[in-house]
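K.L.:
Let me see the structure of the following:
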Amino acid sequence: MEEFSRRRMLFASGALGAFGVLGAASSARARSLWTWSPNGSVAGRGAGLDPEWVWDEEADPVLAAVIERGDVPKANEALRKWTRNDQPLPSGLPADLRDFMEEARRLPSWADEKKLAAAAQFTKKKGIYTGALYGLGSGLMSTAIPREARAVYYSKGGADMKDRIAKTAQLGYDVGDLDAYQPQGGMVVTAVKTRMVHAAVRHLLPQSPGWSRTNGGQTIPISQADIMVTWHSLSTFVMRKLKDWKVPVSAAESDGFLHVWQVTAHMLGVQDEYIPASWDEAHAQSRQVLDPVLASTPEGVELTDVLLDIVAELDAGLTRPLINAFSRYTLGDRTGDLIGLGREPFWQPLIGAAWPLLVAFREGLIPRPLVPEAAWTVEEAIRRFVLLFLSEGRGIRLEIPDTNRPA
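P.N.:
I've put the predicted structure just below:
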């Protein structure tokens, strides 16, 4: 472990030099200087190191060893039997992987059962909004995050996007499940397996010629900064949009939703000093790490097209024009343009006028007659999408990869 850490530091030092030379060469690499204070984190303190150069020192050497020994098939076979938080780890796991998982499955000492319960009730009440925002907001925004788009595209998951969507849906489904972090739930399992997948990708992706040509100076993918960029594209983005849509959210619900994502960040291996302690701190960090990096890439545009085709293919009621229009309404025109979303002159103004009225009706703020009849087509389509999104999250196998996307 000590040798691995020393090697990583040397590697990162060389990368820092290269990044200094290449830093401003492309808007897709643009990144603000890290100034966010660890005093605003759940830890309340920290070294203040830039998370750009921090990875996962517990998971990374273990998964690299599992891959190099050829133990991935054996590990995946054992992991298929682990589906509930309260299950003992299955037999057949390599000893070093088992030791890592026993530690990784523990909730942080600051996890609050009442807040987690409030988060579950919040998702139960507001699930149509969060489901739509995760799928047609956060999911598509990920294709405008250059590093995430390229990591997905060139890793093994990029070769089967339908499977990749289902696995993303698994995380969104489990985070919002009523039993997420309860003994009978599955979010601990999902988080630990996802953490191991990230570690495996860190080991494998630098061997991909395609990723190496387009990595923007990054030598090891999925840094702690990258994970927090994705975290904000989910939690912080969703809460911001709920406020924009004037969805009533109580203080307890807001705190609970933040808390379930704080716990999830920890369970994905993020150090506590990088996890925001409040929504104010989350929005401040998001403005620094997420907003400046959004950019267009060929990989992101291609992934967007594949994603939208898959959604439309799975449900004939979800036409591409409607999906384009709702996604533009959710993400805004700037992000819509970055990922190549079509402009829809019929659907865009209809959704822009009707969706606020639909929200107000659903929240009991206005009577149904004030909602245009055509708006119920949008309501039904989004409802069906949310059900599709959630159902795709059931019964999916999260498995450790042992190769990159085939050339």
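
K.L.:
Run through the helices of the stretch 251-400 of the chain in chain order.
P.N.:
Under the criterion DSSP state H, counting those that start in this stretch, the stretch 251-400 of the chain contains helices at 251-267, 279-289, 298-314, 320-331, 333-338, 347-362, 375-391.

K.L.:
Find the nearest non-adjacent residue to A151, please.
P.N.:
In space, A151 comes closest to P221 once its chain neighbours are excluded; the distance is 5.0 Å by C-beta to C-beta, 6 or more residues apart in numbering. Quick note: C-beta positions are derived from backbone N, CA and C, even for glycine.

K.L.:
Okay, the one you found and N215: tell me how far apart.
P.N.:
Relative to N215, P221 is positioned 7 Å away (C-beta to C-beta, to the nearest Å).

K.L.:
returning to that earlier point: so can I have TSV of the helices of the stretch 251-400 of the chain showing mean neighbour count?
P.N.:
Output for the helices of the stretch 251-400 of the chain, formatted as TSV (neighbours: other C-beta atoms under 10 Å):
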stretch	mean neighbour count
helix 251-267	21
helix 279-289	18
helix 298-314	19
helix 320-331	23
helix 333-338	16
helix 347-362	18
helix 375-391	17
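
K.L.:
now those helices as CSV including distance to D71 and mean pLDDT?
P.N.:
Listed next are the helices of the stretch 251-400 of the chain as CSV, based on distance: least, C-beta to C-beta, whole Å; pLDDT from 0 to 100:
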stretch, distance to D71, mean pLDDT
helix 251-267, 23, 97
helix 279-289, 35, 97
helix 298-314, 30, 82
helix 320-331, 41, 91
helix 333-338, 40, 96
helix 347-362, 50, 92
helix 375-391, 33, 71
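
K.L.:
Redo those as TSV? Include distance to A151.
P.N.:
Shown next, in TSV, are those (distance: least, C-beta to C-beta, whole Å):
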stretch	distance to A151
helix 251-267	18
helix 279-289	16
helix 298-314	9
helix 320-331	20
helix 333-338	17
helix 347-362	31
helix 375-391	22
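
K.L.:
and of these, who's closest to R202?
P.N.:
Of all these, it is helix 251-267 that lies closest to R202, at 17.2 Å by C-beta to C-beta.

K.L.:
And for the residue nearest to A151, the neighbour number?
P.N.:
Residues within reach of P221, counting by other C-beta atoms under 10 Å, total 23.

K.L.:
now it: how far from Q271?
P.N.:
Taking C-beta to C-beta, one finds P221 at 18 Å from Q271.

K.L.:
Neighbours of the closest residue to G158 other than its chain neighbours, how many?
P.N.:
Counting by C-beta to C-beta, 6+ apart, G158 lies nearest to R405, which is 4.5 Å off, once chain neighbours are set aside. Look at R405: counted by other C-beta under 10 Å, it has 19 neighbours.

K.L.:
just checking, R405 touches Q207?
P.N.:
No: in this structure, R405 is not within contact of Q207 by C-beta atoms under 8 Å, at 11.4 Å.

K.L.:
now this structure, which segments are flagged as low pLDDT?
P.N.:
Residue ranges of the chain with pLDDT under 70: 1-32, 161-170, 314-318, 387-396.

K.L.:
tell me the contacts of the closest residue to I227 other than its chain neighbours?
P.N.:
Leaving aside its sequence neighbours, I227 sits nearest to V270 (C-beta to C-beta, 6+ apart; 5.5 Å). Neighbour list for V270: 224, 227-228, 231 [criterion: C-beta atoms under 8 Å, 6 or more residues apart in numbering].
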